[in-house]
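*Asks:* Provided below for reference: sequence and predicted model.
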Amino acid sequence: MAKFLRLDKAVSQVTDLSRAEVKRAAKAERITVNGAVITDPAMKIADSDDLCLDGELLQEAGPRYFMVHKPLGYVSATKDSEHPTVLDLIDEPNKQKLHIAGRLDIDTTGLVLLTDDGQWSHMVTSPRHHCDKTYYAHLAERIDESAVEKFAKGIWLNNEKKRTKPAQLEILYANEVRITIGEGRYHQVKRMFAALDNRVLELHRERIGDIALDEDLEPGDYRPLTAEEIASVH
Ligand code: URA
C-alpha cells in the first residue's frame, strides 16, 4: 500500500537539498507532483506519486498496480523480438520496472495484472495464497456433464507427477464453460481439456481472486487497480 510523506521530507530524502532548501524550491515553483506545481512543503504525497524538481523525475513511483485487458496476439512478457508485449500497451513512467503477475498465452485474452511489488505478485501466483483464476473457454467439442466431477477430483496431465488441484467447472452451453483453477501450471487449462480429448478454441481470463476484469476496458486498455482490489490479495 502507498506510504505518505511530507513533500519537503520526500524531496530532501532523494536529493542533497536540506528541508529548508526544499521549502524555498517549493515557494519558487520548482517542484511538481503528478505534473502540478506544489508550493506547500507540508503537502502529503504518496510514494506512488511522480515527484519532479526542475522537471526532473526524482521519485521512483511505486508500488504500482494495473489491470490490462490483454488482446489476442500479445505476449505476456516485458520484451519480445517477434510479437507486441503486454507492456507495450502501458503508457507510464518507468514502465520497465513493472512485471506480470501471472502470464497468459499469446492466444489467450483477458485479465493480466502488472505491478512492481514482488511480494504482492507472489501472493497472486503462488497456489498457497489461494488466489483462484477464472476463465471462460470455448471448446472444440461438446463437454459431458461428467467432466465437472473429473475436474473437481483433479486431472492427470501429460508428463506431470501430481494431479491438478480441484477445479470448478461450470458448463454454460454445449461447448462453452467457465473454469476456476487455483494453480498456474504451464498451459494448464488447455492441457486439462486435452486430457479429456477436447480442445480449447478460445480462452479468456475473467477474474483473479476478487479482481474481475473491468467491463469498461476494451482489449488493449488498462487502468490502475483500486485500493480495494490491491488489498483483496493477501
Ligand atoms: N491456461 C492455459 O492453457 N493458457 C493460459 O493462457 C492460461 C491458463
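*Replies:* Arrived safely. Residues are numbered from 1 along each chain as shown.
*Asks:* Can you tell me how far the residue lying closest to residue 37 once chain neighbours are set aside is from residue 39?
*Replies:* For residue 37, the nearest residue in space outside its immediate sequence neighbours is residue 29; the separation is 4.9 Å by C-beta to C-beta, 6 or more residues apart in numbering. Where you see a C-beta, it was placed from the backbone N, CA and C, and this is true even at glycine. Here residue 29 is placed at a distance of 6 Å from residue 39 (C-beta to C-beta, to the nearest Å).
*Asks:* For the two, indicate the residue with more neighbours.
*Replies:* residue 39 (14 against 10; other C-beta atoms under 10 Å).
*Asks:* Show me the helices in this structure, by range?
*Replies:* 7-14, 19-27, 118-125, 146-153, 188-194, 227-231 (DSSP state H).
*Asks:* of all these, which lies closest to the ligand?
*Replies:* Ranking the helices of the chain by proximity to the ligand (C-beta to the nearest ligand atom) places helix 188-194 first, at 3.4 Å.
*Asks:* packing partners for the closest one?
*Replies:* Using 3 or more C-beta pairs under 8 Å, 6 or more residues apart in numbering; DSSP states H and E as the contact test, the elements touching helix 188-194 are strand 133-139, strand 176-181, strand 200-208.
*Asks:* hmm, who's touching the second one?
*Replies:* Taking C-beta atoms under 8 Å, 6 or more residues apart in numbering as the criterion, the residues outside strand 176-181 that touch it are 132-139, 143, 151, 164-165, 167-172, 188-189, 192, 206.
*Asks:* give me the subset of these touching the ligand.
*Replies:* Restricting those to those near the ligand by C-beta under 6 Å from any ligand atom leaves 188-189.
*Asks:* Give the bridge partners for the nearest residue to residue 205 once chain neighbours are set aside, please.
*Replies:* Leaving aside its sequence neighbours, residue 205 sits nearest to residue 110 (C-beta to C-beta, 6+ apart; 3.5 Å). On the basis of DSSP bridges, residue 110 takes part in beta bridges with residue 70, residue 205.
*Asks:* From residue 76, how far out is residue 110?
*Replies:* 11 Å.
*Asks:* Who has more neighbours out of these two?
*Replies:* Taking neighbours as other C-beta under 10 Å, residue 110 and residue 76 compare with residue 110 leading, 22 against 19.
*Asks:* tell me the contacts of the more buried one?
*Replies:* When contacts are counted by C-beta under 8 Å, 6+ apart, residue 110 is found next to 69-70, 104, 135-136, 203-206, 213.
*Asks:* quick one: which of those residues has the most company?
*Replies:* Among the contacts of residue 110, the one with the most neighbours (other C-beta under 10 Å) is residue 70, at 28 neighbours.
*Asks:* Identify the residues contacting that one.
*Replies:* Listed by C-beta under 8 Å, 6+ apart, the contact partners of residue 70 are 76, 86, 89, 104, 108-112, 205, 219.
*Asks:* Those residues into TSV, with extra columns for distance to the ligand and pLDDT?
*Replies:* Formatted as TSV, the entries for the contacts of residue 70 read as follows, by distance: C-beta to the nearest ligand atom, whole Å; pLDDT from 0 to 100:
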residue	distance to the ligand	pLDDT
76	8	95
86	12	97
89	17	96
104	4	97
108	3	98
109	9	98
110	9	98
111	11	98
112	10	98
205	7	98
219	15	98
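*Asks:* what's the closest of these to residue 20?
*Replies:* Nearest to residue 20 among the contacts of residue 70, counting by C-beta to C-beta, is residue 89 at 43.4 Å.
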